[in-house]
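Visitor: Dropping a prediction and its sequence here:
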Amino acid sequence: MARTGERTLQKPRKAARRKGQAVTLDEVAALAKVSPMTVSRVVNGHGKVRDTTRERVMRAVRELGYTPNLAASALATAHEPRVALIYTNPSSAYLRELLVGALRGASRIAAQLVIDSWDNLGSNAQRQAARTLANRITGVILPPPLCESKGVITEFVDAGVPVVAIASAHPNHHISRVRIDDFQASKDVTQHLIAAGHRRIGHIKGHPNQTASVRRLEGFHAALSEAGIPFDETLVEAGFFTYRSGLEAAEKLLAHPNPPTAIFAGNDDMAAAVVSVAHRRHLDVPRDLSVVGFDDTYAATTVWPELTTIRQPVALMGDSAIDILVRGIRRREGPRTLVDHVIAHQLIQRDSVAPPAR
């Protein structure tokens, strides 16, 4: 099982501002030779500031063309934080769980939740959308695959908007993360298949643009290695976390001259597709083929037999992301204090696994 923990990291100083990039409060403070807190007081009209200091700050504001955004205002007033959740995730089951958790968290702590879809935007359009949105929000949640977009993350970080990435396995010293240990979770479910007696185990990878997919493949490989089972590359197929990609990958694996006796799919949508292909080939699950998934979304219990899977508490992750953002904003530490929050996963055993047929 993965350990549940939370590590706090101190954010390093920002690099020099690029051409065309928004002026930051820290740059105004540096030019005026005062603290960022003093600039915030002057700009937002809070607290006592000497007239000479106020004049120096406003001169720096005019010289740099600094324009306060909603993120800065909310950090100063700590009223009604406005958090955006942006999605492009192809799995409707995953998205449903995430939205439930985020809505629950926002309702509990009286935060406004803005939900936006960037499904049809290219990378350049996403960066432009991030620049526009940054002036209207106080924090942002980026689920997969946007949590891996360096361009989008850079736009929000440079605008001073706190970011929480969901399920990213890639450490980033500028944003917070909420995740599970994908490596250990993958290893756990693979070891479950090995313990049932399987030696030829197929794997359908997740989308290549997500680091979680890489960590799950590494966990699968590690479990085989520890059990002394040779890694067979011909039993690994590419997937994209979609049902259709699961269908195509399952067809290839089950058409293998020496097909696997079990298949571990990178999420429940693809695992459900494997079950469908098995039935079409008149294979009984789990008597002829064992199948396991990942996430424990509703897709895991809408197929027959119901799937053995890894429970990734997606709703809890969305709730925790809201809490991390708003807690930081209300303590006026959102843009500076970073959190790496690891939530425990769980192996859920259902009826899709059995010992291999003789």
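Guide: Yep, that arrived. Numbers count the residues shown, from 1 in each chain.
Visitor: Could you chop this protein up by domain?
Guide: If you go by automatic domain parsing, the domain ranges for the chain are 5-16+72-180+314-345, 25-68, 182-312.
Visitor: can you give me how far the last one is from the chain middle?
Guide: I take that to be domain 182-312. Distance of domain 182-312 from its chain centroid, counting by CA atoms, centre = their mean, to the nearest Å, is 21 Å.
Visitor: what are the ranges of the helices in the stretch 101-250 of the chain?
Guide: 123-134, 150-158, 182-195, 211-226, 243-254 (DSSP state H, counting those that start in this stretch).
Visitor: Mean pLDDT lowest where, among the domains of the chain?
Guide: In terms of average pLDDT, domain 25-68 trails the rest of those, at a mean of 76.
Visitor: Now find how far off-centre that one is within its chain.
Guide: 36 Å.
Visitor: Residue numbering should commence at 56 henceforth.
Guide: Sure thing, new numbering starts at 56, so read that last one as domain 80-123.
Visitor: what's the closest of the helices of the stretch 156-305 of the chain to Thr364?
Guide: helix 237-250 (7.4 Å; CB to CB). (C-beta placed from N, C-alpha, C; glycine too.)
Visitor: what inclination does the closest one have with respect to helix 266-281?
Guide: 40 degrees (axes from the mean of the first three to the mean of the last three CA atoms, to 10 degrees).
Visitor: For helix 237-250, C-alpha coordinates in CSV please.
Guide: Provided in CSV are the C-alpha atoms of helix 237-250 (Å, rounded to 0.1, in the frame of the first residue of the first chain):
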residue,chain,number,x,y,z
ASP,A,237,1.2,4.9,-9.3
PHE,A,238,4.3,2.8,-9.3
GLN,A,239,3.3,0.9,-6.1
ALA,A,240,-0.4,0.6,-7.1
SER,A,241,0.5,-0.9,-10.4
LYS,A,242,2.9,-3.3,-8.7
ASP,A,243,0.2,-4.3,-6.2
VAL,A,244,-2.3,-5.2,-8.8
THR,A,245,0.3,-7.1,-10.9
GLN,A,246,1.4,-9.1,-7.8
HIS,A,247,-2.3,-10.0,-7.3
LEU,A,248,-2.4,-11.6,-10.7
ILE,A,249,0.9,-13.4,-10.1
ALA,A,250,-0.3,-14.7,-6.7
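Visitor: list the helices and strands it packs on?
Guide: Using 3 or more CB pairs under 8 Å, 6 or more residues apart in numbering; DSSP states H and E, the elements in contact with helix 237-250 are strand 256-259, helix 266-281, strand 317-320, strand 345-347, strand 364-366, strand 401-403.
Visitor: ok, now with 6 Å
Guide: helix 266-281 (3 or more CB pairs under 6 Å, 6 or more residues apart in numbering; DSSP states H and E).
Visitor: tell me which residues of the helix it packs on are tucked away?
Guide: Applying a neighbour-count criterion of 16 or more other CB atoms under 10 Å, one finds 266-272, 274-279 buried in helix 266-281.
Visitor: Tell me what Arg137 is bridged to.
Guide: Beta bridges link Arg137 to Gln167 when assigned by DSSP bridges.
Visitor: Correct me if wrong: it contacts Ile192.
Guide: Yes: the criterion here is CB atoms under 6 Å, and Arg137 meets it with Ile192 at 5.0 Å.
Visitor: one step back: distance to Gly383 for the helices of the stretch 156-305 of the chain - can I get that in TSV?
Guide: Putting these into TSV (distance: least, CB to CB, whole Å) gives the following:
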stretch	distance to Gly383
helix 178-189	16
helix 205-213	14
helix 237-250	25
helix 266-281	24
helix 298-309	37
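Visitor: so which of those helices gets nearest Pro198?
Guide: Closest among the helices of the stretch 156-305 of the chain, using CB to CB: helix 266-281, at 11.0 Å.
Visitor: which helices and strands sit right next to that closest one?
Guide: By 3+ CB pairs under 6 Å, 6+ apart, helix 266-281 packs against helix 237-250.
Visitor: Show residues contacting the helix it packs on.
Guide: Outside helix 237-250, the residues that touch it by CB atoms under 6 Å, 6 or more residues apart in numbering are 57, 224, 256, 267, 270-271, 273-275, 277-278, 282, 317, 319, 347, 365, 400, 402.
Visitor: So which residues of the stretch 106-255 of the chain form strands?
Guide: With DSSP state E, counting those that start in this stretch, the ranges of strands along the stretch 106-255 of the chain come out as 137-142, 167-172, 194-197, 218-221, 231-234.
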